[in-house]
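In: this one's structure only:
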C-alpha cells in the first residue's frame, strides 16, 4: 500500500514538473504564487508553484503537517514535527522550536536546563524519622542502592512542623557512596511534631567546571516528636518559703538532670508587680539525687514546671503546679514620710506612702508609729498604731524637735521604719491661762509669759477679753503691761457663764490663748474669804489645807475640792482624769490627792458652797509634783563613763547614756572630779556609783562640768574653763565649779551624775565612776611602753629628727616630678590680654596655632592648661582676676555678683563665620535661624559614603574646666529628622549624660519633641 502511494506521488510530482513554474524568491517557498514558506528539516523542498512541500524527511522544529509543514506546534508541543512535550509551569507554554518556557513560566520542579530537558535527581523512597529520647534520628537510602533518579553528590535535609509549614533547611550531608545515612536532630521544642524531607543535589558539567543544581525534595516522613517521659512520682512541698521537689528513680539513661522552673505569676494582693525581678527562678539537680531545694520569696504565687534534661539539653515531658508561699515580715519601709503643712506649737500632721507592694510580704494590718522628742537620748518613745497613712500628732511640746518613725506591719510582723525630724513652733501666745481666784462679782485670771524665740518681735503688752457666753457683743477688753501676768475681771454678774481669752501683743500683731470658760459664783452676803494652801508634796501625792474668814460657825455648807492635770515633763503624757472630792463644812480641813503622775503640773480648785448648795467662793492653786526617785525606775539603765584619752594636764571622757527613767525630765548632767590616792581609787572603783554618791566624797571634790542637756560629744576636763552661765538651781552636793588643769602626778576620781529637776526640787543619782590614773599607770594598764621623765626629751628629739627627714624627702620627690630639679625646664605660662574692644585672646608660651574662641574674658583662668600640674582656680572674676579662696568662705552675694560679671563679659551676636548653618540644605535643621553654630567649633556628623545627607547638626563643642571640647551644646530636637541626627551625634561622640534645659511646650509653643522612649514596665 505504501509503495503504491509513493509511486503515485512520484508520478504526480514528475507530471507537475512539466506543468509548473520554479519559485525563486527567498526564503524558499512553494505552492500557488509561491505563497508557502518551506519548513523542511533537511531543506529538501519542492520549490514550484505546483509543489506539495517537503520531498522527504520531517518538518523543521516548530512545525507539523508533512509534507506541507505549514501547521505551528500546538500548546505543550515543540521540536521536529512537534513531537516533543513541553515541561513548563504554571502554564505549559514553551518556545515551539527549542522548548524553552515562555513568559513567566518555568520548568516544573522535576526538570531543569534548556528546553527543561534535564531531569533533577530525586530520592524515590520516604526518609525515616524516629526518636531515642535524646534526639530525632533521620535516615535514608544511599544512591548506589537504586533509590535515586539522577546522580546526587550532596544531600540537603529539611524539616517542617504543623505550626510552620515551610520547609526549613538544617543540615548538608555529602554523598559518600554509602548504602544508608543517619543524622541526629535536636529540636528546640521537644513538644513540637516534626516532618522531614531529603533533597539530593547534583553537579551539572559546564566545561571547564561545573555547577550544583538542586534536586527534588522527597516526600515527607511520618510525623515524629521528641517524646521523653516525665520524671516519675514528682512531688512538691513548701516549708515556709522553701520549696522541696522530689521524684522517683528515672529509668531513662539519657535523662541526666531534673530542672524545676518557678515562674512568678503574682505578688500577694498587689495589682501591679511587673517590676518584680527576677520573674523566673531555676533549680537544677542530678536525676539520681531524687530531690532539689529552692528558696523562694515570701508572699508570692508561682507556677512550677518540673522536667528532665538530656545531655543535649532536650526536655522531657513536664509536670506543673501552682504554689503560694506564706507571708513574712515586711522588708520595705514606708516611703515619702513628710509633714502635711506647717507644724504649730503642739501638733503636726504627717502623711506617708506604702512601701513597694513587693516588699510588704503580707496583707496590711497596721502602721506602727513612734514619736520621741529629741531632747536627749534618754527619752522613751511613744508608740501607737493606725490604719490610715495620715495622722495628727497632738499633745506635743512646743519648741521641741521630734523624731517620728513609721513602719508597715502585716499579719506576720513589723518591717523597717522610715524616719522624719521636725520641730514644733515656739508659741507666741500666753500659756497656762487659769482662774486663780473667784468671787460672785469678780474673777482673777492669770497666765504665764510667752516663750522667746518665736520670731514675732518684742512683747509690748497683753490684752484680756471676756464676755458672757451667750452674748459676744458684750465683750470687754482690758490692756495689761508686759510685766504683768494677772488681771481681776470686775463687775461680773453672779451665777453667769463667761469666757475669757488673753492675747500677747507684738507691735501690730496679737496672738491669743485658748478660750477659757468659767461661771461666776453665787452672791454671798457673809463677806467671807477662802484661801487654799499647800501642806506638802512628793512625786505622787499633794496634801492641801484651806482657811476661811467670815464664815458663820453654824454654816451647813460644804467644800468641793478638785484636781486636774495641766501639763507634764514626763517623756509620755500620762493618762489622768479629773478627781473631785466633796467634804462637809465641819470636816477636817486637809486633803491629800495621791497616785499622781510625777513631774506634772496640777491645777487644784476649791469651792465653798452655801447652805442653799450654790458656789459662793472659790480659790485655785497650781503646783508641780516632784520627779520620782531614780531608784523607783525598774528599767533604768546606763552605760559606762569611759576614758577617751589622757594628756599631760587634760583628760577626755564620754558621758554615759541613760535609758529607762520614766520619773521626770533629765535636765542636769555634771561631772565631779576629786583627787584621791591609788589605794583609795581601787576601793571606790569597786563600788557602785550610787553608793559612792551616798558616801562622803574625797576632800577637794569639785564640779568640773555641767550641762542641762545630755552631752553627746566627748568632754575635755582640765581646760581651765570658766563656770557656765547656767548652773543647776538645786543640787544635793555643795561643791564649787572648778575645771583646773590636771596634775600629771595625781590620780583622780571622776563621778558622772544625772539630775531630774522640777522647780526647786532635784532628784539625782550617780551613773558612772572612772578612776583616772597617772599617765605612767595608764600606759601600764593599756599595755603601752613605759618611760621615765628623763626619757621623754630623748624620744621626742628622735621623733622630731625623723619627721624633718621625712618632710625633706617628700619635698624633694615633689620637686623632681614637677620638673623643678635643676634641669632647666620651664613651666608653660599663659598671659591674659584684656582689651575692652577686642575679644579676649589666650596666648600660651609653649603652644602654637591656638585660635580665638568666643569666650568670656575669664577664659584664660579656666581653659585647657598647658601642663596637667598647672593650678586651677576656684573663683574667677573678670574684673578682679582669679582667686584660690574656698568657695564656702564667700558670701552668697559675692558669688552671685561674680557670676553675673562673668556672664555679662560674654560677647553677644555673631562674631565668626557660620556658613554651614545658613546653607540652603541645612535651613530645615534649625529651629531658629538666629541661633546657629560657628564653623570652627560645630559638631560634624559622620555619614555613610552613600548617604545624600550633610554632616550638619545645630550643635557646638564647649570647652570644659580642665579640657577642650568637654561638652556639646545642641538645640533640642523638634522633629523626626533632627531627633535621628541628635541620637547619631550622641552615639558618635560617646556622650554619657544628657541635660535637658527646655520643656516640650513653653507658652503654647513647641520647643522640643519627645526623643526618648516611653518608660517600659515589662
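Out: Right, received. Where do you want to start? Worth saying up front: this structure is predicted, and the values here are computed from it rather than measured.
In: what's in contact with the helix or strand hosting residue 159?
Out: Assigned by DSSP states H and E, residue 159 falls within strand 154-161. Outside strand 154-161, the residues within contact range by CB atoms under 8 Å, 6 or more residues apart in numbering are 138, 140, 166-175, 181, 183, 185, 192-202, 212, 214, 217, 220. Glycine gets a C-beta too; all of them are placed from N, C-alpha and C.
In: write the PyMOL selection for whichever of the residues you listed are buried.
Out: In PyMOL syntax, the buried subset of the contacts of strand 154-161 is picked out as below (16 or more other CB atoms under 10 Å):
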select buried, resi 138+140+167+173+175+181+183+185+194+195+196+197+198+199+200+201+202+217+220
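In: returning to that earlier point: check which residues of the strand holding residue 159 are buried.
Out: The neighbour-count check on strand 154-161 (16+ other CB under 10 Å) flags 154, 155, 156, 157, 158, 159, 160, 161 as buried.
In: how about the third one, nearest residue that isn't a chain neighbour?
Out: To tie it back to what came earlier, the one meant is residue 156. residue 199 (4.6 Å; CB to CB, 6 or more residues apart in numbering).
In: which one of the buried residues of strand 154-161 sits closest to residue 740?
Out: Nearest to residue 740 among the buried residues of strand 154-161: residue 161, at 97.7 Å, using CB to CB.
In: find the nearest non-adjacent residue to residue 54, please.
Out: residue 40 (3.9 Å).
In: thinking again about what came up before, CSV for the buried residues of strand 154-161, including distance to residue 515?
Out: Output for those, formatted as CSV (distance: CB to CB, whole Å):
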residue, distance to residue 515
154, 106
155, 104
156, 100
157, 98
158, 96
159, 92
160, 91
161, 87
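In: would you turn the residues you listed into JSON lines with distance to residue 256 and pLDDT?
Out: Shown next, in JSON lines, are those (distance: CB to CB, whole Å; pLDDT from 0 to 100):
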{"residue": "154", "distance to residue 256": "35", "pLDDT": "77"}
{"residue": "155", "distance to residue 256": "32", "pLDDT": "78"}
{"residue": "156", "distance to residue 256": "32", "pLDDT": "76"}
{"residue": "157", "distance to residue 256": "27", "pLDDT": "78"}
{"residue": "158", "distance to residue 256": "30", "pLDDT": "76"}
{"residue": "159", "distance to residue 256": "26", "pLDDT": "78"}
{"residue": "160", "distance to residue 256": "30", "pLDDT": "79"}
{"residue": "161", "distance to residue 256": "27", "pLDDT": "80"}
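In: just name the closest of those to residue 773, please.
Out: Distances from residue 773 to the buried residues of strand 154-161, taken by CB to CB, are shortest for residue 161, at 89.9 Å.
In: how is the chain partitioned into domains?
Out: The chain is divided into the following domains under automatic domain parsing: 21-116, 120-225, 235-324, 335-423, 434-624, 630-781, 830-904, 915-1006.
In: residue 572: which element?
Out: Using DSSP H and E, residue 572 sits in no helix or strand.
In: name the nearest residue to it, sequence neighbours excluded.
Out: residue 382 (5.0 Å).
In: is that neighbour in contact with residue 370, as I believe?
Out: Yes. Under the criterion of CB atoms under 8 Å, residue 382 makes contact with residue 370 at 6.9 Å.
In: of the two, who's got more company?
Out: Per other CB atoms under 10 Å, whichever of residue 382 and residue 370 has more neighbours is residue 382, with 18 against 15.
In: separation between the closest residue to residue 470 other than its chain neighbours and residue 487?
Out: Leaving aside its sequence neighbours, residue 470 sits nearest to residue 497 (CB to CB, 6+ apart; 7.2 Å). Distance of residue 497 to residue 487, given as CB to CB, to the nearest Å: 19 Å.
In: for the stretch 1-150 of the chain, which segments count as helices?
Out: For the stretch 1-150 of the chain, the helices defined by DSSP state H, counting those that start in this stretch cover 2-19.
In: could you show me where the strands are in it, in order?
Out: Assigned by DSSP state E, counting those that start in this stretch, the stretch 1-150 of the chain shows strands spanning 29-30, 36-37, 63-64, 71-72, 77-78, 84-85, 88-89, 106-107, 111-112, 118-119, 122-123, 128-131, 136-141, 148-149.
In: now the ones you listed as TSV including mean pLDDT?
Out: Shown next, in TSV, are the strands of the stretch 1-150 of the chain (pLDDT from 0 to 100):
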stretch	mean pLDDT
strand 29-30	86
strand 36-37	86
strand 63-64	88
strand 71-72	87
strand 77-78	90
strand 84-85	88
strand 88-89	91
strand 106-107	90
strand 111-112	84
strand 118-119	82
strand 122-123	80
strand 128-131	85
strand 136-141	86
strand 148-149	47
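In: for residue 918, find the nearest of those strands.
Out: So among these, strand 106-107 is nearest, using CB to CB, at 57.8 Å.
In: any idea how far residue 329 is from the closest residue to residue 562 other than its chain neighbours?
Out: What sits nearest to residue 562 in space, not counting adjacent residues and going by CB to CB, 6+ apart, is residue 580, at 4.0 Å. Applying CB to CB, the value for residue 580 to residue 329 is 48 Å.
In: of these two, which one has the most company?
Out: residue 329 (16 against 12).
In: just give the nearest non-adjacent residue to the more buried one, would you?
Out: Excluding the flanking residues, the one nearest residue 329 by CB to CB, 6+ apart is residue 413, at 3.4 Å.
In: right, so the strands of the stretch 1-150 of the chain: which one is the most enclosed?
Out: strand 63-64 (a mean of 24; mean count of other CB atoms under 10 Å).
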